[in-house]
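> Structure here, sequence nowhere to be found:
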């Protein structure tokens with residue numbers, strides 16, 4: 001590795017991991033409001049509804065504009081649970097009324113959207129007045145979601161799965177599965193398929 005490349009990598013790691021007064025204040029305020037936040041050096045500005053519903057593990061990396069949206073009345077928490085060493089890209093939204101669990105070492109690309117509920121669709125009654133159907137979302141360990149994926153209610157993504165950018169996940173995905181598309185469909189297993197990169 002060239003000296004210039006090593007220097008650039010070191011510089012980037014410092015930019016991602018160096019603590020800042022704003023980051024320290026942000027984490028402290030969220031903890032005082034009930035959030036459980038592990039060992040994280042840099043925590044950028046984000047939006048959090050009901051901080052006590054959020055539990056974040058150690059050594060996670062967050063980009064800007066992440067939205068932890070517990071979209072319900074006050075209930076005991078936590079309901080939005082991220083494991084250790086999770087990467088969360090820019091403008092990711094967790095829109096949760098029930099529960100979401102993200103396993104250790106997951107990579108979540110920019111602008112991914114998670115929603116664990118939807119409205120009833122009975123005729124003769126306004127959609128916004130019908131009760132929601134809520135089903136939890138779960139990602140196993142070491143899952144990679146490319147940029148812009150949408151994960152709907154009740155979906156479980158098995159450990160080691162890779163999901164292509166822009167995919168719509170409407171059903172559960174097995175371990176090490178490689179899925180792409182809208183709706184997402186299987187194209188193989190890790191080590192067997194040779195898809196293009198899911199993207200970040």
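Arrived safely, thanks for sending. Quantities reported herein were computed from a predicted structural model and do not represent experimental measurements.

> May I ask which helix or strand of this protein has the lowest mean pLDDT?
Lowest on mean pLDDT, DSSP states H and E among the helices and strands of the chain sits helix 3-17, with a mean of 69.

> Might you list the low-confidence residue ranges for this structure?
1, 11-20, 193-200 (pLDDT under 70).

> which stretches of it form helices?
3-17, 21-32 (DSSP state H).

> Highest mean neighbour count out of those?
Of all those, helix 21-32 carries the top mean neighbour count, a mean of 13, counting by mean count of other Cβ atoms under 10 Å. (Each C-beta comes from the backbone N, C-alpha and C, glycine too.)

> Who are the packing partners of it?
Contacting helix 21-32 under the criterion 3 or more Cβ pairs under 8 Å, 6 or more residues apart in numbering; DSSP states H and E are the following elements: strand 36-37.

> helices or strands next to the strand it packs on in the packing?
Helices and strands touching strand 36-37, by 3+ Cβ pairs under 8 Å, 6+ apart, are helix 21-32, strand 54-56.

> Now do stretch 111-127: distance from first to last residue.
Across stretch 111-127, the terminal residues are separated by 26 Å (Cα to Cα, to the nearest Å).

> what's the answer for stretch 43-54, then?
End to end - Cα to Cα - stretch 43-54 spans 14 Å.

> what comes up buried for it?
If you call a residue buried by 16 or more other Cβ atoms under 10 Å, then stretch 43-54 has these buried ones: 43, 46, 48-54.

> Kindly indicate which of the residues you listed lies nearest residue 26.
Relative to residue 26, the closest of the buried residues of stretch 43-54 is residue 43; by Cβ to Cβ it sits at 5.4 Å.

> CSV please, covering the helices of the chain and showing distance to residue 124.
CSV is the format used below for these (distance: least, Cβ to Cβ, whole Å):
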stretch, distance to residue 124
helix 3-17, 53
helix 21-32, 43
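
> Identify whichever of these lies nearest to residue 189.
helix 3-17 (31.4 Å).

> dump the residue contacts of residue 64.
Shown in contact with residue 64 (Cβ atoms under 8 Å, 6 or more residues apart in numbering): 44-46, 90-91.

> Which residue of the chain lies farthest from its centroid?
Most distant residue from the mean C-alpha position of the chain: residue 124, 36.0 Å away (Cα atoms, centre = their mean).

> what's that residue in contact with, if anything?
Contacts of residue 124 (Cβ under 8 Å, 6+ apart): none.

> again with residue 29
Contacts of residue 29 by Cβ under 8 Å, 6+ apart: none found.

> roughly how far apart are it and residue 4?
39 Å (Cβ to Cβ, to the nearest Å).

> Also residue 140?
38 Å.

> Repeat that for residue 26.
Using Cβ to Cβ, one gets 34 Å for the distance from residue 26 to residue 4.

> now do residue 84
32 Å.

> isn't residue 104 right next to residue 58, touching?
No: with contacts counted by Cβ atoms under 8 Å, residue 104 stays clear of residue 58, the gap being 9.5 Å.

> any common contacting residues for these two?
Residues touching both residue 104 and residue 58 (Cβ under 8 Å, 6+ apart) are 84-85.
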